[in-house]
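Q: no letters, just coordinates:
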């Protein structure tokens, strides 16, 4: 009797197409699912060790890892995909490939999570954070549309996404680093933003060889993207949560109380202030005040 049950996901949900998910690929995706699940629980436990008002980053990455858990479970179960005709760049013959749209939905949540964390940490304007999040959505949606394009016109969408990627990288490395220097957190921000942008550089290459060019099959593509997603989300997530223990939330203007965000210039917490004196009793009409 085997210690572990046999993975029958592909029997329950049969794949289709010339390039399809294999049983080994499903096993790998279930392993990534387990890692996201462990990360989710670990971050949730670390939340209780953080001081009150300093759990913003915990909440942020808990949600992102939850999304990763769901997306990778769906893909491991051979769900959330469509058969799409792909232009094979080797012999110019058409092949049908499984395109897992759950992967792109996950990126729509994961990439903005990193962007928001870096933006809050560096102290850049909210408008810049929204701009960066929108750029990441343009990047991902362009790749999704390209993956569903059955002709070489897909590379036009790929170019649009790549341009959004370049704008995003310049914003996080230039504006973000300048702002982080003003609040005295340049070293930590440079390490986090540098690691993020290094991994982001590998995504266009991975996409071009998998969903784009169809040079690598579905299972090898998931090995590549699974490693990238884990290094990006869980790597940056745990780094931010652990490094945040030494950050001055007041100076970074990210301290929160039951009354909301505490302005850095105030330096006080509303709930710690003395209760205001009650208003004086009203003077009866027609009576002169003493």
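A: Ah, there it is. Quantities reported herein were computed from a predicted structural model and do not represent experimental measurements.

Q: could you use CA atoms for every contact and neighbour count after this?
A: Fine.

Q: these two touch, right, residue 61 and residue 113?
A: Yes - look at residue 61 against residue 113 with C-alpha atoms under 8 Å: they come within range, at 7.0 Å.

Q: quick one: which of those two has more around it?
A: Taking neighbours as other C-alpha atoms under 10 Å, residue 61 and residue 113 compare with residue 61 leading, 26 against 21.

Q: against residue 99, how distant is the more buried one?
A: Separation of residue 61 from residue 99 (C-alpha to C-alpha, to the nearest Å): 26 Å.

Q: and if you look at residue 109?
A: On the measure of C-alpha to C-alpha, residue 109 and residue 99 end up 19 Å apart.

Q: the more surrounded of these two?
A: residue 99 (25 against 18).

Q: need the contact list for the more buried one.
A: 81-84, 147-148, 211 (C-alpha atoms under 8 Å, 6 or more residues apart in numbering).

Q: was I right to think residue 144 contacts residue 103?
A: No - using C-alpha under 8 Å, residue 144 is not in contact with residue 103; the gap is 9.4 Å.

Q: which regions of this protein sit below the pLDDT cut-off?
A: Along the chain, the parts satisfying pLDDT under 70 run over 1-5, 52-53, 88-93, 251, 253, 255-290.

Q: do a quick rundown of the strands in it.
A: Assigned by DSSP state E, the strands in the chain fall at 81-87, 94-100, 256-257, 260-261.

Q: any idea how far residue 55 is from residue 117?
A: From residue 117 to residue 55 the distance is 12 Å (C-alpha to C-alpha).

Q: run a quick neighbour tally on residue 222.
A: 26.

Q: which strands and helices sit next to the longest helix belonging to the chain?
A: Determined from DSSP state H, the single longest helix within the chain is helix 23-47. Under the contact criterion of 3 or more C-alpha pairs under 8 Å, 6 or more residues apart in numbering; DSSP states H and E, helix 23-47 touches helix 9-12, helix 56-76, helix 218-229.

Q: dihedrals phi and psi, residue 80?
A: Per-residue torsions, residue 80: phi 60, psi 50 (degrees, to the nearest 10).

Q: burial measure for it, as a count.
A: Applying other C-alpha under 10 Å, I find that residue 80 has 16 neighbouring residues.

Q: quick one: contacts for it?
A: Residue 80 neighbours (C-alpha under 8 Å, 6+ apart): 74, 100-102.

Q: then residue 47?
A: 55, 58-59.

Q: closest to residue 245 out of these?
A: Proximity of those to residue 245 was ranked by C-alpha to C-alpha; the top entry is residue 55 with 10.3 Å.

Q: any idea how far that closest one is from residue 189?
A: For residue 55, the distance to residue 189 - C-alpha to C-alpha - is 18 Å.

Q: which of these two has more neighbours?
A: Neighbours were counted for residue 55 and for residue 189 using other C-alpha under 10 Å; residue 189 has more, 23 against 18.

Q: show me where the stretch 51-200 of the chain has its helices.
A: For the stretch 51-200 of the chain, helices defined by DSSP state H, counting those that start in this stretch occupy the ranges 56-76, 101-122, 126-147, 154-170, 176-182, 186-207.

Q: relative to residue 40, which of these is closest?
A: helix 56-76 (5.5 Å).

Q: if you compare the directions of the closest one and strand 94-100, what angle comes out?
A: 140 degrees (axes from the mean of the first three to the mean of the last three C-alpha atoms, to 10 degrees).

Q: helix 56-76 versus strand 81-87: what angle between them?
A: Going by the same axes, to 10 degrees, helix 56-76 makes 70 degrees with strand 81-87.

Q: counting contacts, what elements does helix 56-76 pack onto?
A: helix 23-47, helix 101-122, helix 235-243.

Q: coming back round to it: quick check: which of the helices and strands packed on helix 23-47 is buried the most?
A: Stretch with highest mean neighbour count among the helices and strands packed on helix 23-47: helix 56-76 (a mean of 22; mean count of other C-alpha atoms under 10 Å).

Q: and the contacts of that helix?
A: So helix 56-76 is contacted by 9, 25-30, 32-34, 36-37, 39-40, 43-44, 46-47, 80-81, 100, 102-103, 105-106, 109-110, 113, 117, 233-234, 237, 240-241 (C-alpha under 8 Å, 6+ apart).
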